[in-house]
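Colleague: how would this look folded up:
(one chain, ligands or ions: 1)
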Amino acid sequence: MSEAKTLYQQLGEGPGIASVVDRLYELILADETLSPYFVETRLSQQKGHMAMFLAAATGGPNGYKGLDLDAAHAGRGITDADFDNVIGHAATALTEAGVDAETIGQVAGALMPLRAQVVTGEAAA
Ligand code: HEM
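Modeller: Below is the predicted model:
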């Protein structure tokens, strides 16, 4: 008998998530619609916080010590389109890491409810 794996385990636990997060920020910084948000960001710290956040959000250890997501994104003017693009890049990074489509759908499902905490800007007209 085998227990169902958590999403965290399916992503390769800490090391799997860390490499997906590395690739995610490569894709974000190469996207000229997203990179301006991160000009003042200390990337190594940001990646660490994102990896810890994702571990907790996927059923892994809860070691996240960063800001609440509302506080982290307040006043940045992030739009719905930005949010969708980041989710899209996350799906690309997961696909490249060999994660199957069903699992990617589950990760997206875990992130989608966070939209209201992240999006604070107007949609482009
Ligand atoms: C589900 C989607 C997202 C998640 C889970 C997420 C998660 C996080 C986390 C954990 C932090 C770190 C907070 C801290 O260090 O205390 C953060 C900061 C930040 N996020 Fe997000 N984020 C998401 C979407 C976005 C989007 C769409 C944008 C903009 C395109 C964005 C831009 C930023 C910026 C600019 C920071 C601050 C970086 C800094 O400290 O310089 N995030 N986010």
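Colleague: Any idea how many residues pack against the closest residue to the ligand within the chain?
Modeller: Scanning the chain for the residue nearest the ligand gives residue 66, at 2.8 Å (criterion: Cβ to the nearest ligand atom). No exception for glycine: its C-beta is placed from N, CA and C like everyone else's. When neighbours are counted by other Cβ atoms under 10 Å, residue 66 registers 14.
Colleague: quick one: contacts for it?
Modeller: Counting by Cβ atoms under 8 Å, 6 or more residues apart in numbering, residue 66 touches 49, 52-53, 72.
Colleague: redo that, cut-off 7 Å
Modeller: Residue 66 sits next to 49, 53, 72 when contact means Cβ atoms under 7 Å, 6 or more residues apart in numbering.
Colleague: Now name the helix or strand holding the second one.
Modeller: In this structure, residue 53 is located in helix 43-57 according to DSSP states H and E.
Colleague: ok, and what's touching stretch 70-82?
Modeller: By Cβ under 7 Å, 6+ apart, stretch 70-82 touches 33-34, 37, 66, 117-124.
Colleague: Let's see the pLDDT reported for residue 4.
Modeller: On pLDDT, residue 4 comes in at 85.
Colleague: number of nearby residues for it?
Modeller: Residues near residue 4, counting by other Cβ under 10 Å, number 6.
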